[in-house]
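K.L.:
Kindly generate the corresponding structure for this input.
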Amino acid sequence: MAKKNYKVNIPNLIPEPTDDIESELNLFDPNNPDITLFNLIDDELIRLSGSKLLYYKYIQIDQDFDPVYMEAQNKPVSKEPIVVYGHYEPTVLEENLNQFGIELTNDQLFIFNKSYIERVLHRSPHPGDIVEPKFQKQKYELFEVQEDSFEAYGVYHYVCSAKLLRDSPDVQDTPLTEVVDETGVY
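P.N.:
Predicted structure coming up:
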């Protein structure tokens, strides 16, 4: 059998790097006006199907920072709440008995539209902020704030994990003589 040798006239095709080049096959366009439309629809859906929440901003004071527990000893919050809308699923208060005693497990997830909550609060949600659903009349302290994104159509959410706040009078009644909010209110 004879061995056939084939000659190729076309050189190896190596694609050029397309980092800087705009391609027509690009599926995500940050300047697409549909992104704003989907964000407005998501904002409206959260307002219509969500719940009214009273939002208390946490005021961070560096003097009370405890280096052992890595948190503030006194956590003053604003006295006047801001009414916001968000999603959450009400859960029953559970007190489980384990080897260390009675443990209160009632963590809550609050979901906010990113552009809406930043517009209302003039900042993003922070750990230490307090959320009180009008339905439950229980206060929750945010301990984790994550940004949840849907990059295909541009809707962004804040998913905030919160624990039940053990109400203490020094949280609400701390004098705010030296602290001023970004908006200059107190």
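
K.L.:
pLDDT below threshold where in the chain?
P.N.:
Within the chain, the ranges that satisfy pLDDT under 70 run 1-2, 4-32, 61-65, 69-74, 151-154, 166-186.

K.L.:
Tell me where it has helices.
P.N.:
Under the criterion DSSP state H, the chain carries helices at the ranges 33-49, 114-121, 169-172.

K.L.:
for these, which one sits closest to residue 104?
P.N.:
Proximity to residue 104 (CB to CB) singles out helix 169-172 among the helices of the chain, at 17.1 Å. Heads up, the C-betas are built off the backbone N, CA and C, glycines and all.

K.L.:
what's the burial count for residue 105?
P.N.:
12 (other CB atoms under 10 Å).

K.L.:
wouldn't it be in contact with residue 94 here?
P.N.:
Yes. Taking CB atoms under 8 Å as the definition, residue 105 is a contact partner of residue 94 at 5.2 Å.

K.L.:
Point out the most buried one among the helices of the chain.
P.N.:
helix 114-121 (a mean of 17; mean count of other CB atoms under 10 Å).

K.L.:
circling back: and the helices of the chain as TSV, adding distance to residue 136?
P.N.:
Below are the helices of the chain laid out as TSV (distance: least, CB to CB, whole Å):
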stretch	distance to residue 136
helix 33-49	17
helix 114-121	20
helix 169-172	18
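
K.L.:
What residue, apart from its backbone neighbours, is nearest residue 57 spatially?
P.N.:
residue 78 (4.7 Å; CB to CB, 6 or more residues apart in numbering).

K.L.:
For residue 36, see how far away the closest residue to residue 155 other than its chain neighbours is.
P.N.:
Nearest residue to residue 155 in three dimensions, chain neighbours excluded: residue 42, at 4.5 Å (CB to CB, 6+ apart). To residue 36, residue 42 is 11 Å away according to CB to CB, to the nearest Å.

K.L.:
do residue 81 as well
P.N.:
For residue 81, the distance to residue 36 (CB to CB) stands at 29 Å.

K.L.:
now residue 101
P.N.:
From residue 101 to residue 36 the distance is 51 Å (CB to CB).

K.L.:
can you map out the strands along this structure?
P.N.:
51-56, 65-66, 71-72, 82-86, 94-98, 101-105, 108-113, 130-133, 140-150, 155-164 (DSSP state E).

K.L.:
Just list what the fourth one packs against, helices and strands only.
P.N.:
In terms of contacts (3 or more CB pairs under 8 Å, 6 or more residues apart in numbering; DSSP states H and E), strand 82-86 is packed against helix 33-49, strand 51-56, strand 108-113, helix 114-121.

K.L.:
can I get the ones you listed in JSON lines with distance to residue 143?
P.N.:
Converted to JSON lines, those look like this (distance: least, CB to CB, whole Å):
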{"stretch": "helix 33-49", "distance to residue 143": "22"}
{"stretch": "strand 51-56", "distance to residue 143": "15"}
{"stretch": "strand 108-113", "distance to residue 143": "11"}
{"stretch": "helix 114-121", "distance to residue 143": "17"}
